[in-house]
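**Q** here is my input; please provide its structure:
(one chain, ligands or ions: 1)
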Amino acid sequence: MNARGKIGPHPNPPPQAGEGEERGTPLSLPPLAGEEPAPEALLIGGARRADGGESGHIDWIKIRADFPILTRKVHGKPLIYLDSANTSQRPRQVIEAVDRFYREHNANVSRAVHQLGEEATAIYEGARDQLAAFLGANHRDEIVMTSGTTMATNLVAYSYLLPRLKPGDAVLVTRMEHHADIVPWQLICKLTGAHIKVAPINESGELIVEKFIDALTPEVKFAGVVHVSNVLGTINPVKELARECRKRGIPLLVDGSQAAPHLPLDVKAIGCDFYCVTGHKMCGPTGTGALWARRELLDAMPPFFGGGEMIRTVSFDGTTFADVPHKFEAGTPNAAGFAGLAAAVDYLQGIGMANIAAREHELLDYAMPRLEAIPGLRIFGTAPHKAAVISFLIDGVHAHDLATLLDQEGVAVRSGHHCAHPLMQFYGVPATCRASLAFWNTEAEIDAFVDAIGRVRKLLA
Ligand SMILES: Cc1ncc(COP(=O)(O)O)c(C=O)c1O
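**A** Model (predicted):
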């Protein structure tokens, strides 16, 4: 039975469950970074591509029509949604998959032997297969289903780091991390007497890679790096960073929240140890996400939450736990959400991640010079390897005022610190406005956005 959503007539049909040589293969250690011919351009090069990704042959307007919300008006104006880095919009295939779960298959997973229970479990476990294939995992058991990236980093913090850190140890992060990749480590450092070290960035918003490598000193026992910055759009060279960490025996967690919706991914080729994704930024429902980790790390980690579903036996003398990944999935999961996330992964793969990356790069190339031409507009994050995220400010205008006036024009952008206080401190600003593009946006929307900024500037001048 395939209870997941069927997706529309996209050019590259998604792989079906069971296809693909990775899935179901016996467990083996991943190759060292560099052993496999990694498609470097895919991983760090954005979308000007040597990878076959292109956008010309795809009917993007037809794809846009999959997103019901994009037809609505806001303040009497057509909605121009430029806030995908905050949360993406959902295509009807995802909405229908969630709806279908509740209408046709709703039951608790892994508990009931009745038909609905089996269907719900098949849908939930099918989502794990989808995520494993999407991320290039060696095995489906390396995927822990979480409520998102924040839960994934906290799981790693409490289950992996807490038992290992001691006074004097350090955790290395970069200046451009999201709070989800700072605060959990800080909490553990506080409990253990370890400390945080920070690798610097330059004015363009690029990680200074040599400094990151220099910072990998013996007291560093763990490192966390964002793959794509949610503020700057910078695409970090995670494969190179993973190689350097691995040489020194330092586990590396990559926060892929902003990469998974936009770039082809292969955790084996990256060579990291942990990788986190969040469903709501990749066209899936809120409250879904995943932690990928190397199997031997998951095996060595104690459970984080205790309760139903994660045990083998329980008595008042003690409990034995289920195997990975179930020992990390206590309680009733968001099964309907994962039905939606499976449909989202199908949907993205149906278009093709390289094609999505290419289209978004086109949109970025279209938007950047038009924004740069606006007098008094400053862009934060001008790295050459950059995803379609544009943070900006206009001289003398507060980010919130700008975002509020743009909203009156129907344009949804985010204003604020973007859960990246240390990055705001680096640039000496309390907040920025951020326009984040997705493959369903159009050049016409970018023109309308640029015109709206022009009108707002005049109003505030
Ligand atoms: C880079 C990055 N990391 C982590 C998160 C947090 O993810 P979640 O919403 O799944 O907790 C976000 C969300 O804004 C993000 O952009």
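
**Q** C-alpha only now, for contacts and for neighbours.
**A** OK.

**Q** at the geometric centre of this structure, which residue do we find?
**A** Ser257 (1.6 Å; Cα atoms, centre = their mean).

**Q** state the phi and psi torsions of Val254.
**A** Main-chain torsions, Val254, degrees, to the nearest 10: phi -110, psi 130.

**Q** could you do the one 10 residues further on as well?
**A** Taking degrees, to the nearest 10, you get phi -70, psi 140 for the backbone angles of Pro264.

**Q** roughly how far does it sit from Tyr160?
**A** 27 Å (Cα to Cα, to the nearest Å).

**Q** more neighbours: the two, which one.
**A** A count of neighbours by other Cα atoms under 10 Å puts Pro264 above the other of Pro264 and Tyr160, at 25 against 20.

**Q** once you drop chain neighbours, what's closest to the more buried one?
**A** Leaving aside its sequence neighbours, Pro264 sits nearest to Met353 (Cα to Cα, 6 or more residues apart in numbering; 5.0 Å).

**Q** surely that neighbour meets His262?
**A** Yes: between Met353 and His262 there is a contact at 6.6 Å, judged by Cα atoms under 8 Å.

**Q** for those two, indicate the residue with more neighbours.
**A** Legend: neighbour count by other Cα under 10 Å for Met353 and His262, higher for His262 (30 against 22).

**Q** quick check on that one: phi, psi?
**A** phi -130, psi -20.

**Q** same check on Val389?
**A** phi -120, psi 120.

**Q** that one bridge partners, please.
**A** Taking DSSP bridges as the rule, Val389 bridges to Ser436.

**Q** neighbours of it, just the number please.
**A** 27.

**Q** list the residues that contact it.
**A** Ala85, Asn230, Val231, Leu232, Gly233, Leu364, Arg434, Ala435, Ser436, Leu437 (Cα atoms under 8 Å, 6 or more residues apart in numbering).

**Q** how about the residues of the stretch 101-250 of the chain near the ligand?
**A** Within the stretch 101-250 of the chain, the positions near the ligand by Cα under 6 Å from any ligand atom are Gly148, Thr149, Thr150, His178, Ala180, Val226, Ser229, Asn230.

**Q** mind picking the two most distant members of these?
**A** Gly148 and Ser229 (16.6 Å; Cα to Cα).

**Q** of these two, which one has the most company?
**A** Neighbour tally, Gly148 and Ser229, criterion other Cα under 10 Å: the higher count belongs to Ser229, 27 against 21.

**Q** out of the residues of the stretch 101-250 of the chain next to the ligand, list just those in strands.
**A** Counting by DSSP state E, those place Val226 in strands.

**Q** including distance to Ala452 and pLDDT, could the residues of the stretch 101-250 of the chain next to the ligand go into a markdown table?
**A** As requested, those are exported to a markdown table (distance: Cα to Cα, whole Å; pLDDT from 0 to 100):
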| residue | distance to Ala452 | pLDDT |
| --- | --- | --- |
| Gly148 | 34 | 98 |
| Thr149 | 34 | 98 |
| Thr150 | 34 | 98 |
| His178 | 29 | 98 |
| Ala180 | 33 | 98 |
| Val226 | 32 | 98 |
| Ser229 | 26 | 98 |
| Asn230 | 23 | 98 |
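
**Q** spatially nearest residue to the residue nearest to the centre of the chain (excluding sequence neighbours)?
**A** Val277 (4.6 Å).

**Q** does the one you found count as helix, strand or coil?
**A** Following DSSP: H, G, I helix; E, B strand; the rest coil, we place Val277 in the strand state.

**Q** can you pull the contacts of it?
**A** Per Cα under 8 Å, 6+ apart, neighbours of Val277: Gly148, Thr149, Asp255, Gly256, Ser257, Gln258, Ala260, Gly289, Ala290, Leu291.

**Q** re the thing from before, reformat the contacts of Val389 into JSON lines and put neighbour count next to each item.
**A** JSON lines is the format used below for the contacts of Val389 (neighbours: other Cα atoms under 10 Å):
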{"residue": "Ala85", "neighbour count": "27"}
{"residue": "Asn230", "neighbour count": "27"}
{"residue": "Val231", "neighbour count": "29"}
{"residue": "Leu232", "neighbour count": "25"}
{"residue": "Gly233", "neighbour count": "27"}
{"residue": "Leu364", "neighbour count": "22"}
{"residue": "Arg434", "neighbour count": "30"}
{"residue": "Ala435", "neighbour count": "26"}
{"residue": "Ser436", "neighbour count": "27"}
{"residue": "Leu437", "neighbour count": "26"}
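
**Q** picking up where we left off before, can you tell me the SS state at the residue nearest to the centre of the chain?
**A** coil.

**Q** and it, how close does it get to Gly337?
**A** Taking Cα to Cα, one finds Ser257 at 17 Å from Gly337.

**Q** got it, and Asp129?
**A** In terms of Cα to Cα, Asp129 sits 15 Å off from Gly337.

**Q** helices along the stretch 101-250 of the chain, start to end?
**A** Along the stretch 101-250 of the chain, counting by DSSP state H, counting those that start in this stretch, helices occupy 115-135, 149-155, 183-192, 209-214, 238-247.

**Q** to Asn441, which of those helices lies closest?
**A** helix 115-135 (23.3 Å).

**Q** the closest one packs against which elements?
**A** strand 143-146, helix 335-351 (3 or more Cα pairs under 8 Å, 6 or more residues apart in numbering; DSSP states H and E).

**Q** again, 7 Å this time
**A** Judged by 3 or more Cα pairs under 7 Å, 6 or more residues apart in numbering; DSSP states H and E, helix 115-135 is in contact with helix 335-351.

**Q** avg pLDDT for the helix it packs on?
**A** Regarding helix 335-351, the rounded mean pLDDT is 98.

**Q** wait, what's in contact with the residue nearest to Pro264?
**A** Met353 makes contacts with His262, Leu263, Pro264, as judged by Cα atoms under 7 Å, 6 or more residues apart in numbering.

**Q** how close does it sit to Glu240?
**A** 22 Å.

**Q** who has more neighbours out of Asp129 and Gly337?
**A** Gly337 (27 against 22).

**Q** ok, that one touching Gly289?
**A** No: judged on Cα atoms under 7 Å, Gly337 makes no contact with Gly289 at a distance of 9.4 Å.
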